[in-house]
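>>> Just to be clear, the model below is a prediction. Sequence and coordinates:
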Amino acid sequence: MRTKLLLWIFALFAVCALQAKEVNDRYIEVTGISEIEIVPDKIHYLIEIREYFEEEFDGKSKPEGYRTKVPLEQIEQQLWKVLADVGILKEAVRTQEVGDYWRRQGQDFLVSKKYDITLTDFKQIDEIVKRIDTRGVNTMRIGELENKDMLVYHQKGKIEALKAAQRKATYLVEALGKKLGAVIRIVEDGNIGMSSLFSAQSNVRASDAASFDGFRTIKRHYSMQVRFEITD
């Protein structure tokens with residue numbers, strides 16, 4: 001009796017598995033991927049200035065011999081002059097943070113200040129780099145890139161990913177002598193990756209606008225999982 005019961009359960013399980021397989025064979029699920037290239041119309045350039053000792057750059061003094069500190073106010077004035085010469089208005093500059101840098105034993109703190117400068121052209125970055133005294137600069141890098149039509153680009157990227165999924169599913173199903181049916185389910189994977197200038201470190205001694213050629217656009221990738229019916 002027990003043997004018959006086990007055989008009956010096994011047979012029921014086999015039938016259920018077969019039915020599930022038959023159902024699964026009636027659909028195909030594929031992933032469509034698209035890439036959208038966006039030209040930014042707003043560029044955030046981050047510059048951090050920091051106090052320094054003149055002896056750091058004389059080529060002979062050792063840290064314990066540093067005495068002549070260049071104050072932050074002087075470095076800041078030089079920066080503002082550079083920005084003015086490039087044609088950047090004060091309204092486009094925002095102070096992010098001010099703080100004390102670490103100090104060596106027996107020396108004063110070195111104060112630093114970070115700015116977020118909103119630009120509209122990568123050529124402005126090149127002009128800043130050409131003119132600025134890098135001795136008072138701790139870091140210069142490109143931050144966030146923006147475009148006022150970003151939402152439109154997102155929508156376009158998702159639509160193109162859906163179309164890519166449909167094309168892929170169509171040729172796979174037709175290869176089996178079947179036809180692609182209606183959409184059963186769509187799962188949005190969102191942005192699966194991007195390449196751009198976000199947090200990219202730039203060379204503070206660069207003097208050629210071409211050095212930014214590889215960073216003039218934002219590339220976003222979209223992925224959509226789509227399940228289609230299969231018909232005869």
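In hand now; what should we look at? Numbers count the residues shown, from 1 in each chain.
>>> which regions of this structure sit below the pLDDT cut-off?
For the chain, the stretches with pLDDT under 70 are 1-25, 101-107, 190-216.
>>> mind listing the helices for it?
Under the criterion DSSP state H, the chain contains helices at 2-24, 72-86, 122-131, 150-175.
>>> Now the second one: buried residues?
Yep, that's helix 72-86 we're talking about. Of all the residues in helix 72-86, those buried under the rule 16 or more other CB atoms under 10 Å are 72, 75, 78-79, 82-83, 86. (C-beta placed from N, C-alpha, C; glycine too.)
>>> Please put the alpha-carbon coordinates of that helix into PDB.
Provided in PDB are the C-alpha atoms of helix 72-86 (Å, rounded to 0.1, in the frame of the first residue of the first chain):
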ATOM      1  CA  LEU A  72      44.000  81.000   1.600                       C
ATOM      2  CA  GLU A  73      42.800  84.600   1.000                       C
ATOM      3  CA  GLN A  74      45.600  85.200  -1.500                       C
ATOM      4  CA  ILE A  75      45.000  81.900  -3.300                       C
ATOM      5  CA  GLU A  76      41.300  82.700  -3.400                       C
ATOM      6  CA  GLN A  77      41.900  86.100  -5.000                       C
ATOM      7  CA  GLN A  78      44.000  84.500  -7.700                       C
ATOM      8  CA  LEU A  79      41.200  82.000  -8.400                       C
ATOM      9  CA  TRP A  80      38.500  84.600  -8.700                       C
ATOM     10  CA  LYS A  81      40.700  86.600 -11.100                       C
ATOM     11  CA  VAL A  82      41.100  83.500 -13.300                       C
ATOM     12  CA  LEU A  83      37.400  82.800 -13.300                       C
ATOM     13  CA  ALA A  84      36.600  86.400 -14.200                       C
ATOM     14  CA  ASP A  85      39.100  86.300 -17.000                       C
ATOM     15  CA  VAL A  86      37.400  83.200 -18.400                       C
END
